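Chemist: Return atomic coordinates for the entry below.
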Amino acid sequence: MRDLLARAAELVAGHRAGLGDRPVARPVDPETLRAGFGQLRDAPTPPATVLEELAKAAEPGLVATAGPRFFGFVVGGALPAATAADVLAAGWDQNAFNAVLSPAAAAAEQAAGDWLKDLLGLPATASAGFVTGGQAANTVGLAAARHHVLAEAGWDVERDGLAGAPRVRVVASEERHATVDRALRLLGFGTRAVVPVKAKPDGAIDIGDLAAKVDGPTIVCLQAGNVNTGACDDIRAARAVAENAWIHVDGAFGLWAAANPKTASLLDGVELADSWACDGHKWLNVPYDSGFVFCARPDVHAEAIAYRAAYLTGAGEVSGMGDLTLESSRRARGFAVWAALRELGRDGVAELVDRCCRLARRFAAALADGGAEIANDVVLNQVLVSFGDDTDAIIERVQRDGTCWLGGTTWRGRRYLRISVSGWTTTEADVDRSAAAILRLARQ
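Modeler: Reported below is the predicted structural model:
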């Protein structure tokens, strides 16, 4: 085992060391890649051989998402301490369902959860669940919202379901993230429950229109970081016009703006919401998968999610962990999160967020100087770039070129390059090199 893990670490370190020089992504034939993984053998294979075969088979299909020039999907590259901590977590092989199964995993989550609430400006008394990502966080947060608004209306949704329940209005921006809709489907509301609210020119929710849509049992879904523009909804104003509603904030990446003094004003009033969703594998740069759901009412959070069984010692004690997440058997995500926060500290988190915002503005300025149209005010780490009718062709060229990787999006009927800067290794030189490549490919 010692030699095997040492070799695995050597392979990982070699991969990371070369990320700055290799193409971010390379064209690959899926069938050829799959063939490289071979067929199931009858006889056992020595673990050391398996490791080498896996590394060789996977290498042509690895994307440099952990490198400095991946600008798609708000993907961060795992920090050194977080990566090493995740290796430890795999080796320790802890089931983080509750504190009985792993006291160490529970303690790490409690410590990291308290640190996260402090950094993100959330109430210290809020619960913190360590989930897989933004989708799970939105689903859990909206499950808590469902429980609360229906309990306030005299209905026990966990016992009686939704058939015959009072109708709940789910008020959300017309530019909400698609994970909100999927959460509503999974929770039995259906997407027809959504009452759409207009968005302002920057993509933030229109508070005046929101005020007109709140009526009766209501869940309001706000956004910290529009997926295209980075704009943040006015949470304080939303609370004022939706005083009795449950407010859930989808802050997959934008919630991290609260950790940087220079961007914290974008999330004024964030503490006034009832639940919050956030990712760790985006701006915090921890390994996949990692997300967080917070709830201002821990009892509501647990009542909506926890379950009990005679054999499950420690279940349903509202101690966190499995009582606050959808998974029973779950990996110990808290170790990597704790390590990342310990490595960065409060100042390091703020500097990481601020640097990515500066680099996004630098990206936008370089492309604008080269003749591109920048569609959004770059308030965070998102940049929308248009080259007119050639936009999709340029996206394809950029992805095949390999200097950097970015995706496309449609915003208000137009196609754009969508650039997300969130990696801890990205430098000004990486941005300049990438912008130059995009402009070169655009001229072609």
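Chemist: what bridges to Pro196?
Modeler: On the basis of DSSP bridges, Pro196 is bridged to Ala172.
Chemist: Now Ala350: closest residue in space, sequence neighbours ignored.
Modeler: The shortest distance from Ala350 to any residue other than its chain neighbours is 4.5 Å, reached at Asn260 (Cβ to Cβ, 6 or more residues apart in numbering). No exception for glycine: its C-beta is placed from N, CA and C like everyone else's.
Chemist: From what I see, that neighbour and Asp347 are in contact.
Modeler: No. Using Cβ atoms under 8 Å, Asn260 is not in contact with Asp347, being 10.2 Å away.
Chemist: Neighbour count: the two, which is higher?
Modeler: Shown here are Asn260 and Asp347; by other Cβ atoms under 10 Å, Asn260 has more neighbours (21 against 8).
Chemist: which residues of the protein score low on pLDDT?
Modeler: Residues of the chain meeting the criterion pLDDT under 70: 314-319.
Chemist: give the contact list for the residue nearest the centre of it.
Modeler: Closest to where the C-alpha atoms of the chain average out (Cα atoms, centre = their mean) is Asp279, at 3.2 Å. Counting by Cβ atoms under 8 Å, 6 or more residues apart in numbering, Asp279 touches Val74, Gly133, Gly134, Ala137, Ala252, Phe253, Ser290, Gly291, Phe292.
Chemist: Okay, the fourth one and Asp430: tell me how far apart.
Modeler: Distance check for Ala137 against Asp430: by Cβ to Cβ, to the nearest Å, it reads 29 Å.
Chemist: same thing with the last one?
Modeler: Between Phe292 and Asp430 the distance, using Cβ to Cβ, works out to 28 Å.
Chemist: The two - which one has more neighbours?
Modeler: Comparing Phe292 with Asp430 by other Cβ under 10 Å, the one with more neighbours is Phe292, at 31 against 22.
Chemist: Look at that one and give its secondary structure.
Modeler: The three-state assignment at Phe292 reads strand, by DSSP: H, G, I helix; E, B strand; the rest coil.
Chemist: my read: it touches Ser127, true?
Modeler: No. Shown here, Phe292 and Ser127 do not form a contact pair, counting by Cβ under 8 Å, at 10.4 Å.
Chemist: how long is stretch 255-275 from one end to the other?
Modeler: Counting by Cα to Cα, to the nearest Å, you get 12 Å between the two ends of stretch 255-275.
Chemist: right, I mislabeled it, should have said stretch 296-313
Modeler: One end of stretch 296-313 sits 26 Å from the other (Cα to Cα).
Chemist: Buried ones in that stretch, by neighbour count?
Modeler: Judged by neighbour count (16 or more other Cβ atoms under 10 Å), stretch 296-313 contains these buried residues: Ala296, Arg297, Pro298, Val300, His301, Ala302, Glu303, Ala304, Ile305, Ala306.
Chemist: just stretch 36-45 next, same as before
Modeler: Per 16+ other Cβ under 10 Å, stretch 36-45 contains no buried residues.
Chemist: Likewise for stretch 163-179?
Modeler: The neighbour-count check on stretch 163-179 (16+ other Cβ under 10 Å) flags Ala165, Val168, Arg169, Val170, Val171, Ala172, Ser173, Glu175, Arg176, His177, Thr179 as buried.
Chemist: from what I can see the first one touches Glu158, true?
Modeler: Just to be clear, that refers to Ala165. No. Counting by Cβ under 8 Å, Ala165 stays clear of Glu158, with 11.3 Å between them.
Chemist: still on that earlier bit, any idea which of the buried residues of stretch 296-313 is closest to Leu326?
Modeler: Nearest to Leu326, judged by Cβ to Cβ, of the buried residues of stretch 296-313 is Ile305 at 6.9 Å.
Chemist: Now do stretch 230-238: distance to the chain's middle.
Modeler: 18 Å (Cα atoms, centre = their mean, to the nearest Å).
Chemist: Enumerate the positions of it that are buried.
Modeler: Gly230, Ala231, Cys232, Asp233, Asp234, Ile235, Ala237, Ala238.
Chemist: quick one: contacts of that stretch?
Modeler: Residues outside stretch 230-238 that contact it (Cβ under 8 Å, 6+ apart) are 173, 200, 202-205, 207, 210, 220, 222-226, 247, 249, 254, 257, 266-270, 272-273, 376-382.
Chemist: Between all of the buried residues of stretch 163-179, which two are at the greatest distance?
Modeler: Ala165 and Glu175 (28.4 Å).
Chemist: got the CA positions of stretch 385-396 in PDB?
Modeler: Presented in PDB, the C-alpha positions along stretch 385-396 are these (Å, rounded to 0.1, in the frame of the first residue of the first chain):
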ATOM      1  CA  VAL A 385     -18.000  38.400 -25.200                       C
ATOM      2  CA  SER A 386     -19.500  38.700 -28.600                       C
ATOM      3  CA  PHE A 387     -17.900  38.600 -32.100                       C
ATOM      4  CA  GLY A 388     -21.300  38.900 -33.800                       C
ATOM      5  CA  ASP A 389     -22.300  36.200 -36.200                       C
ATOM      6  CA  ASP A 390     -18.800  34.600 -35.800                       C
ATOM      7  CA  THR A 391     -19.200  33.900 -32.100                       C
ATOM      8  CA  ASP A 392     -20.000  30.200 -32.300                       C
ATOM      9  CA  ALA A 393     -17.200  29.600 -34.800                       C
ATOM     10  CA  ILE A 394     -14.700  31.300 -32.600                       C
ATOM     11  CA  ILE A 395     -15.800  29.300 -29.600                       C
ATOM     12  CA  GLU A 396     -15.100  26.100 -31.600                       C
END
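Chemist: so how far is that stretch off the chain centroid?
Modeler: 26 Å.
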